[in-house]
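Starting from these lines, generate the structure:
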Amino acid sequence: MDYTLTNSNFSIDYKAALNERQLEAVFCMEGPLLCIAGAGSGKTRTLVYRVARMIESGISPSSIILLTFTRKAAKEMITRASELAGDIIHSISGGTYHSFAYQFLRKFGSTIGLPENFSIMDEADSLSLINLIRTEAETQEGETRFPTKNTLKTTLSASINRGKTYQEAINSEIPQFAEHTEAIINIFNAYNDFKNKNGMFDFDDLLTIFIRLLEENSEAVNIVHSRYKYLLVDEYQDTNILQAKITRLLARESRNVMATGDDFQSIYSFRGADFHNILSFPEIFPGTKIIKLEENYRSGNDILQATNRLMTHAAASFQKTLFTKKKIGEKPVLVTCKSEDQQSRFVVQRIQELRLQGIPLSDVVVLFRSGFHAYQLELELKKQNIPYQKWGGFKFFEAAHIKDILAHLRLLINTRDQVSWSRALSLVEGVGTKTIRNFLETLSQSDSNETSELLAEIRVSARSKAGISALNELLNKLLQLVRKNDPSSLINLISDYYGPILKKKYDDFPKRMKDLDQLSIIASKYQDVETFLADLALEPPAKSINDNLAADESINGSPNESLVISTIHSAKGLEWNTVFIIFAIEGRFPPNYSLEDPEAIEEERRLMYVAMTRAKERLYITCPTTCWDPVTHTVFSEPSRFVLEIGDRFFQKWNLREA
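Next up, the predicted model:
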């Protein structure tokens, strides 16, 4: 396509700023356009220049809608575009789907029966209302655990944003509460009735009511279609069914809609995103022009060849082949390890070697499929005093339920540990703050080191008698076993005691119970309790960071840098010089629960693609050959199907051995 004559009409030199495909997307102004933007291909740059070009072409900014998934993203695009074409761009409408919907409901809501003074509840108000309705239902449901207000709200949102019935949402989101299905549905209905009667709406209502407005009110529809002639949507692969429907309704008349996104990076189905929205876009808008951005500005060619190979196996997609003109990077390394321990030691040792080569910690990331995959690595990082920040999930040893277990274990080593006593006693039903305070005062004055004698000092109420007795029994059993130097067995015993408490404290108790299994696995590597607790009690990296980096500050820059370890979901959209992907084995990545679901496997493949394309120059993928399982104990692991699909010729292969 020749842009020479057209380009001369504008002050911005688009041809110099953009590659051929980007230029085509910027200059294709009329009709539906789907821009499939591969990882690192300059999607945002293309959108920014397209907005600037529209303004330079004489299109009124007030006739343009720009929809993104965060206000920050929309603001950044508008700011960058204004630097190119002037401040007039700030009159473009847009933001998130929810904020745009709110603007219209304020103007036209009364035409579909909304009160003129309706209010939008924030998250706290919404949770308070659900809790008000929930309290009565919980009482009627009796002794069994009932879902919290947060769990109820999350399940209700899943129903709305994924187009599921209440029954289906309960079955898929909170199957552990299936016995309360009828009561939960009654709460949802009562919640909706209260909102409707009082002119109150929550975040999810904005989309559903906006859709009703666009379907039922001719005046609002005419305003939309006469005023707004151009619609741009970013990250279209992340839209849910409601957002896709709004896109169709807004662009129904003009059909001047540009959707950008990457079907290879659709990884948020757990939030309600529907992968099929981007695939079906050409069917929803017949005559859609599809432009693929395939030139990558981030990664080395060897890394891109491996990711391209991975996605040739995708079941349904817009196939694309990423390429780069940059002469950087190394061939990806596939690392075979004997065990989880060796995997963690390799990652930490390799990071230390890279630091000596001048790669700062801040330009390295370790990625994993699920938060618990990093637990052993976190322990190794603490042992080596490497500062890190964890994105996604939680820091394992800082999680409340892990601290609860460790508090009981610490009492075996030091019966004078007031912090651990306070934590253990706070879990006993009927024991309140005053009782704990009195106990700690008695503890400070007592000469006894016997837990039974110390517990006998507590004034036992009728409510706390059974709990204190159970705690005393647990501590006695632990003291008998501690001489066997088997920390894992001790943790299992504490977990048996703690299990019923865990179920009462947390709605997501099935997930947290698995964390306790992981803690037991980590403890099984130790010969005695003292060493295990000592390793966990190492000085936190943040407190020793200056000492740790002072020796090579001249190489690594700021002494405040730290390594990032992250779930893949939390790393999307970012990039690092060096990327490690750990646990690339069947059952972990992809996880066991996805193995029987073809669509789930495809999302896992896309997740691997996202992980690999975060890397600029170095990519290491690790595969432990043995992986400890809490049920079967030792399991011989197979490499992830995704690694096998890529094939040996795309990797350097390292087999580790101990020096």
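
Low-confidence ranges, the protein, go.
1-9, 117, 122, 125, 138-144, 393-395, 534-535, 537-560, 628-634, 636 (pLDDT under 70).

Can you tell me the strand partners of the lengthiest strand in it and which way each runs?
Longest strand in the chain, counting residues (DSSP state E): strand 615-624. Using DSSP bridges, the strands paired with strand 615-624 are strand 333-337 (parallel), strand 576-581 (parallel).

ok but residue 533 is inside a helix, no?
Yes: assessed with DSSP: H, G, I helix; E, B strand; the rest coil, residue 533 lies in a helix.

Provide a list of residues in contact with it.
Residue 533 sits next to 406, 409-410, 413 when contact means C-beta atoms under 8 Å, 6 or more residues apart in numbering. Every C-beta, even on glycine, is put in place using the N, C-alpha and C of the backbone.

again, only using 7 Å
The contact partners of residue 533, taken as C-beta atoms under 7 Å, 6 or more residues apart in numbering, are 409-410, 413.

So which of those are in helices?
Taking DSSP state H as the definition of helices, these contribute 409-410, 413.

gap between residue 381 and residue 49?
42 Å (C-beta to C-beta, to the nearest Å).

Over to residue 242?
30 Å.

Same check on residue 624?
In terms of C-beta to C-beta, residue 624 sits 46 Å off from residue 49.

of these two, who's got more company?
Set residue 624 next to residue 49 and count neighbours by other C-beta atoms under 10 Å: residue 624 wins out with 27 against 24.

Just the C-alpha atoms of stretch 590-603, please, in PDB.
Provided in PDB are the C-alpha atoms of stretch 590-603 (Å, rounded to 0.1, in the frame of the first residue of the first chain):
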ATOM      1  CA  PRO A 590      -0.500 -27.400  32.600                       C
ATOM      2  CA  PRO A 591      -2.100 -28.200  36.000                       C
ATOM      3  CA  ASN A 592      -3.900 -31.400  36.700                       C
ATOM      4  CA  TYR A 593      -7.300 -29.900  36.700                       C
ATOM      5  CA  SER A 594      -7.000 -28.700  33.100                       C
ATOM      6  CA  LEU A 595      -5.900 -32.000  31.600                       C
ATOM      7  CA  GLU A 596      -9.400 -33.200  30.700                       C
ATOM      8  CA  ASP A 597     -10.700 -29.900  29.300                       C
ATOM      9  CA  PRO A 598      -9.500 -29.000  25.800                       C
ATOM     10  CA  GLU A 599     -10.400 -25.300  26.200                       C
ATOM     11  CA  ALA A 600      -8.500 -25.200  29.500                       C
ATOM     12  CA  ILE A 601      -5.500 -26.700  27.900                       C
ATOM     13  CA  GLU A 602      -5.600 -24.100  25.100                       C
ATOM     14  CA  GLU A 603      -5.600 -21.300  27.700                       C
END
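
Residue 499 is in what secondary structure piece?
Assigning secondary structure by DSSP states H and E places residue 499 in helix 487-505.

buried residues in that helix?
487-495, 497-498, 501-503, 505 (16 or more other C-beta atoms under 10 Å).

Stretch 331-339 now?
So, applying 16+ other C-beta under 10 Å, buried residues of stretch 331-339: 331-335, 337, 339.

contacting residues around that stretch?
By C-beta under 7 Å, 6+ apart, stretch 331-339 touches 302-303, 306, 343, 346, 619-626, 643, 650-656.

same deal with stretch 297-304?
40, 42, 296, 322-324, 326, 328-332, 575, 612-613, 615-617, 619.

End to end on it, go ahead and measure it.
11 Å (C-alpha to C-alpha, to the nearest Å).

Report the buried residues of that stretch.
Quick answer for stretch 297-304 (16+ other C-beta under 10 Å): 298-304.

Serialize those residues to TSV and add fields for secondary structure.
Shown next, in TSV, are the buried residues of stretch 297-304 (three-state DSSP):
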residue	secondary structure
298	coil
299	coil
300	coil
301	helix
302	helix
303	helix
304	helix
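
Kindly indicate which of those lies nearest residue 14.
The nearest member of these to residue 14, counting by C-beta to C-beta, is residue 298 at 22.1 Å.
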